[in-house]
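J.: 3D model of this:
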Amino acid sequence: MMDVSPENDGDTGDNPIPTVPRLDTDPSPMRRINKIYVTTRRASGELHLQSVLQHMDRRLQVLPDLVMFSGTFGLMILSVCVLLVLLSQNMFERQVINLNAQLADTYHWAPYGQSCVLRADGFVPDSCDNRTAAVVPSHIFPIVGAVLGTQWLAELKTAGGALFVTTCVIGGTVDVGWTDLQFLAGYDSYPDCLPTAPQDVAGIAMLESTVRDGEGYYLITLFADLDKRMKQYVYANSDGTSQNLISKVRRIVIAGDGNVGMDAFGGTNNVITSKPLGERYLVTGFCVSVIQELSDAKDKLELTGWSQGRAGLVATRVLCPSSSVFIFHDVVPGKFSALPVVPAWSCGHVVSNASELVAFQAILSVLSLWFFAGDVYITIEGLRGLFTGKPILKYAVLSGLERRKLLLACIVANSMPGLLYMDVSRMYFHSVNGFKLYALSSIMVANFVAFGSLLALSVVDMLVSYVKTFSICVGYSAPVFIVMSIVWMAAAWCNDDNFLDAYNKFYTAPSVIGFWVHDAYYASGSYAPGGTLPIANYLTESILTAVGCSFGVSIAISSLHRWLLHKHWFVSTAWAQSNSLLQKLRLPSFITALPLDPFNAIKIGNTMYCKPSTLALMGYTTVERKKQEMHSVKENDGEEPPQKPHFVVSIYALVPALVLPVSQVRSIGAIMKNQFAHESRKLERKAYRYTRGGCVG
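T.: Alright, predicted model coming up:
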């Protein structure tokens with residue numbers, strides 16, 4: 001025998017093989033062996049390369065379906081992920097600082113008056129312009145001046161008996177829908193409402209309204225530059241962030257009859273209710289007026305101007321040496337605060353019976369994953385077959401969702417609380433994490449609308465099928481519809497303009513006391529018990545546009561694809577109505593995303609065969625017994641062993657059929673020799689395994 005390995009390819013000229021005696025000196029047999037080996041190696045290499053290329057091609061063909069499955073699975077668990085994030089942000093009971101700054105665009109500040117002069121007994125008569133004095137009733141405005149004079153008494157003495165007060169409004173426009181009145185007091189000049197550089201103020205006060213025991217009150221929240229008790233401290237928000245505030249700020253309430261007193265409720269106002277999920281899950285929003293210290297925030301907000309207490313008392317001393325004059329400015333510390341400040345709010349909300357919503361979503365999350373487990377298992381088996389070179393089952397799960405109504409219902413119900421989350425998150429436009437919460441909630445609502453539309457469409461088609469089933473259906477692409485509608489709605493909602501509009505609409509609820517600003521009354525912090533409209537009321541137009549256009553595009557793409565490849569506009573289901581398996585299942589009536597076209601079947605002779613992938617999209621799969629009980633057969637009788645029956649079960653029942661020790665799974669029938677025999681019964685107490693099955697005629 002001769003060694004023909006690659007290391008020794010048969011060349012014996014200089015390397016005789018000592019273990020094999022030479023029987024023939026003619027080198028021609030050796031040449032023939034070498035030629036055969038080289039030819040065999042070349043052919044083997046070509047076959048191996050071809051096999052590798054085919055295997056890579058199969059993987060590339062499966063890649064779109066794998067991406068589609070991953071996206072589908074992501075959409076399935078989106079509600080679960082969003083729920084976990086929102087729970088971590090205390091979305092059922094939350095309170096954070098809503099930032100404020102003297103800016104026109106972001107925070108809606110605007111100049112209103114710059115003529116008021118304040119003395120200890122109130123505003124100097126006729127010093128305030130008419131529109132400033134008309135913001136509140138004529139008998140209330142002088143009382144506001146008297147309160148400010150009393151609270152800023154120390155600053156008045158330092159200023160020589162008079163402070164120069166500028167008035168500003170926040171909002172007070174149709175777009176914003178709410179307002180309040182700001183007072184900026186200067187020691188020797190009028191401060192600016194929109195400063196472009198740091199400016200000194202003797203004090204800042206914010207005038208709003210509130211409700212106490214069902215009655216409307218005016219609320220003043222005030223900072224005084226010379227009050228030693230007003231110091232900077234760090235406030236911890238419920239979401240883990242923090243902001244600097246001023247301690248010991250003064251809050252005074254004025255009743256409608258003119259009575260004045262310190263606020264016993266700590267500055268609570270803007271109490272508004274909303275019912276996005278009904279009365280039981282009532283959302284109650286509220287705010288507490290505060291004075292924000294801007295040392296950190298002014299850098300984050302990139303402010304160039306703000307209001308601040310004076311840096312200190314400046315004393316000048318002059319030294320006159322023989323040759324020159326030196327002037328020094330000494331700061332006497334301790335008298336002025338030097339604190340950069342602005343009025344703001346600590347806003348929050350509570351949700352009634354929130355624990356029920358958490359439990360509801362937790363249960364639905366588990367059910368969604370359970371109902372989706374069969375498709376996950378089939379995909380895992382497909383990946384295993386992909387890497388081992390075995391046949392695999394390919395199908396787009398989104399196209400079969402109309403046949404998975406329980407899964408679809410769980411997804412829709414689990415996404416429904418997104419209406420509450422979106423309604424709640426709009427209150428936090430000016431908070432640190434506000435946009436993140438609003439965007440996540442918006443995507444959850446988009447998920448609810450898209451899958452809800454698909455569920456409604458499939459239910460309508462099912463109800464029509466009880467009356468009449470047509471042999472042709474309008475086809476649409478479920479993946480295109482779902483993805484396009486979600487992206488469309490998310491793009492329409494997840495932006496600052498929409499977020500700001502939703503925030504302002506929350507505070508346009510009917511008010512108890514309105515402020516007259518820019519020739520109209522606007523809500524100012526005191527709201528009627530009826531509450532505000534849920535955000536869903538403002539989403540109708542964008543939802544109809546997104547769903548309608550996405551559905552139209554999905555029909556157009558599906559129909560155009562069918563026409564270009566097969567010269568048909570509609571889905572013909574006539575062949576399915578004569579198929580031994582499909583005729584036992586409820587076929588779509590007039591519209592479907594299922595690939596039930598004849599060209600998706602296999603035709604042999606006059607028989608159309610349903611592929612395993614079509615069966616999976618219809619919501620069913622097959623299992624077989626692990627061990628086949630066979631009658632004793634003689635080894636040499638020439639008979640073929642009997643074929644294993646493939647039992648058809650619901651896709652929901654696949655995992656239970658494989659893992660339950662005593663099967664309680666019901667089969668709708670069995671497939672033998674590519675024919676389906678309908679027989680609804682429970683599977684026997686045997687061990688079963690998944691099989692991709694075969695074609696059914």
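
J.: those helices in the stretch 451-600 of the chain, which residues are they?
T.: Taking DSSP state H, counting those that start in this stretch as the criterion, the stretch 451-600 of the chain contains helices spanning 478-493, 496-506, 540-566.

J.: pLDDT weak spots in the stretch 301-450 of the chain?
T.: 312-336, 385-392 (pLDDT under 70).

J.: again, only this time at 90
T.: Counting by pLDDT under 90, the stretch 301-450 of the chain contains low-confidence ranges at 310-338, 358, 361-362, 365-366, 368-369, 372-400, 431-433.

J.: Can you show me the helices along it?
T.: With DSSP H, counting those that start in this stretch as the criterion, the stretch 301-450 of the chain has helices spanning 354-388, 405-415, 418-425, 434-467.

J.: if you compare those helices, which one is most tucked away?
T.: When the helices of the stretch 301-450 of the chain are scored by mean count of other C-beta atoms under 10 Å, the highest mean neighbour count falls to helix 418-425 (a mean of 26). The C-beta positions use only the backbone N, C-alpha and C, and glycine is treated the same way.

J.: How far away from the center of its chain is that helix?
T.: Helix 418-425 sits 10 Å away from the centroid of its parent chain (C-alpha atoms, centre = their mean, to the nearest Å).

J.: what's the answer for stretch 357-369, then?
T.: Counting by C-alpha atoms, centre = their mean, stretch 357-369 is centred 17 Å from the centre of its parent chain.

J.: Buried ones in stretch 278-285, by neighbour count?
T.: Buried positions in stretch 278-285, judged by neighbour count with 16 or more other C-beta atoms under 10 Å: Tyr281, Leu282, Val283, Gly285.

J.: Give me the subset of those residues lying in strands.
T.: Using DSSP state E, the members of those that fall in strands are Val283, Gly285.

J.: and the buried residues of stretch 278-285 as JSON lines, adding distance to Gly619?
T.: Compiled in JSON lines, the buried residues of stretch 278-285 are given as follows (distance: C-beta to C-beta, whole Å):
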{"residue": "Tyr281", "distance to Gly619": "33"}
{"residue": "Leu282", "distance to Gly619": "39"}
{"residue": "Val283", "distance to Gly619": "38"}
{"residue": "Gly285", "distance to Gly619": "43"}
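
J.: Tell me the one among the buried residues of stretch 278-285 nearest to Asn447.
T.: Of all those, the one with the least separation from Asn447 (C-beta to C-beta) is Tyr281, at 19.0 Å.

J.: can you pull the contacts of that closest one?
T.: Lys275, Val351, Ser352, Asn353, Ala354, Glu356, Leu357, Leu420 (C-beta atoms under 8 Å, 6 or more residues apart in numbering).

J.: try Trp563
T.: Applying C-beta under 8 Å, 6+ apart, one finds that Trp563 lies in contact with Trp569.

J.: hang on, the earlier thing: closest one to Phe223 among the helices of the stretch 451-600 of the chain?
T.: helix 496-506 (24.9 Å).

J.: now the angle from that closest one to helix 478-493?
T.: For helix 496-506 against helix 478-493, the angle by axes from the mean of the first three to the mean of the last three C-alpha atoms, to 10 degrees is 70 degrees.

J.: quick check: mean pLDDT across helix 496-506?
T.: Summarised as a single mean, pLDDT over helix 496-506 is 95.

J.: just checking, what packs against that helix?
T.: helix 434-467 (3 or more C-beta pairs under 8 Å, 6 or more residues apart in numbering; DSSP states H and E).

J.: tell me what the helix it packs on is packed against?
T.: helix 28-88, helix 405-415, helix 418-425, helix 478-493, helix 496-506, helix 540-566, strand 591-592.

J.: contacting residues for Val341?
T.: With contacts taken as C-beta under 8 Å, 6+ apart, Val341 has the following neighbours: Val201, Ile204, Phe223, Ile246, Ile291, Gln292, Glu293, Leu294, Ser307, Gln308, Gly309.

J.: Run through the residues that contact the closest residue to the first one other than its chain neighbours.
T.: Nearest non-adjacent residue to Val201, counting by C-beta to C-beta, 6 or more residues apart in numbering: Ser307, 4.5 Å away. Contact analysis of Ser307 by C-beta under 8 Å, 6+ apart lists Gln102, Leu184, Pro191, Pro195, Pro198, Gln199, Asp200, Val201, Ile204, Pro340, Val341, Val342.

J.: Filter those down to the ones in strands?
T.: Judged by DSSP E, those include Leu184, Gln199, Asp200, Ile204, Pro340, Val341, Val342 as members of strands.

J.: so how far is Met91 from the residue most central in space within the chain?
T.: With distances taken as C-alpha atoms, centre = their mean, Leu440 lies nearest the centre of the chain, 2.4 Å away. Distance, Leu440 to Met91, by C-beta to C-beta, to the nearest Å: 10 Å.

J.: what's the answer for Ala409, then?
T.: For Ala409, the distance to Met91 - C-beta to C-beta - is 24 Å.

J.: any idea of the pLDDT on Ala43?
T.: As predicted, Ala43 sits at a pLDDT of 47.

J.: Can you add pLDDT and distance to Gln151 and give the buried residues of stretch 278-285 back as a markdown table?
T.: Written out in a markdown table, the entries for the buried residues of stretch 278-285 read as follows (pLDDT from 0 to 100; distance: C-beta to C-beta, whole Å):
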| residue | pLDDT | distance to Gln151 |
| --- | --- | --- |
| Tyr281 | 96 | 42 |
| Leu282 | 96 | 37 |
| Val283 | 96 | 35 |
| Gly285 | 96 | 29 |
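
J.: Relative to Gly149, which of the buried residues of stretch 278-285 is nearest.
T.: When the buried residues of stretch 278-285 are compared for distance to Gly149, the smallest value, 33.9 Å, is given by Gly285; criterion: C-beta to C-beta.
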